[in-house]
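Undergrad: Got a sequence here, can you model it:
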Amino acid sequence: MKKLTKKMTGWVGSLAIAYLLSLIIGVFVIQPYRVDGHSMDPTLHDKQRLFVSKLSHTFSYYPDYGDIVIIDSRVERERRFIDDVLENPLIRLLTNETDDSFYIKRVIGKPGDDLEIRQGKVYRNGEALDEPYLNGAMSINESERWTVPENHIFVMGDNRNHSDDSRAIGFIPLDHVLGKKVL
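TA: I've put the predicted structure just below:
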């Protein structure tokens, strides 16, 4: 009986260490996500799975123009470390919780950038963006203008006519950029 107890304790300990390591990796290094919706068509498709590098979030550095990022769209609330832990898929698996506040978008503007939409085209600092990844032209007639504030970014979906992005939710605080698509 002692032998069986010792063996079971060893297994439980190994599983606990594996769970803890995968939780740490998911919070700080890399995490899987699933695309929910069509706002990134044709680049990413509904229900597609991808991996996101969490290093930009962990070390608080800006993604590059054109990077595809995961954002927390609840820009009006402050993020805390506990949010990163509770939003990990391993924790969500235990709680059976889902959340539709995480969006996958493309970085269009960084702090200090002047962005403008004119006749369905995006301009950054007066230069029209070359965006071959778009799912057709934007059907917008009026002009819109933004200046990206410090510690924020501006994001848009590739399917511009069907995307809730910075045009609707506002600028994304740097700590709300949860990671960058890698695979």
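Undergrad: Neighbours of the residue nearest to Asn161 when sequence neighbours are not counted, how many?
TA: For Asn161, ignoring the flanking residues on the chain, the nearest one in space by CB to CB, 6 or more residues apart in numbering is Ser139 at 5.5 Å. For every residue, glycine as well, the C-beta is placed using N, CA and C. Residues near Ser139, counting by other CB atoms under 10 Å, number 8.
Undergrad: Also Leu44?
TA: Leu44 is flanked by 22 other residues according to other CB under 10 Å.
Undergrad: now Thr9
TA: 10.
Undergrad: For it, I want the exact helix or strand it lies within.
TA: Element membership for Thr9, per DSSP states H and E: helix 2-28.
Undergrad: thinking again about what came up before, isn't the residue nearest to Asn161 right next to Gln119, touching?
TA: No. Ser139 is beyond contact range of Gln119, at 10.8 Å (criterion: CB atoms under 8 Å).
Undergrad: Which stretches in the protein count as strands?
TA: In the chain, the strands defined using DSSP state E lie at 30-34, 49-53, 68-72, 102-109, 114-118, 121-124, 127-128, 144-147, 152-156, 172-173, 177-181.
Undergrad: For the fourth one, name the packing helices and strands.
TA: Using 3 or more CB pairs under 8 Å, 6 or more residues apart in numbering; DSSP states H and E, the elements in contact with strand 102-109 are strand 68-72, strand 121-124, strand 152-156, helix 166-169.
Undergrad: can these go into TSV with extra columns for mean neighbour count?
TA: Listed next are the helices and strands packed on strand 102-109 as TSV, based on neighbours: other CB atoms under 10 Å:
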stretch	mean neighbour count
strand 68-72	22
strand 121-124	16
strand 152-156	24
helix 166-169	18
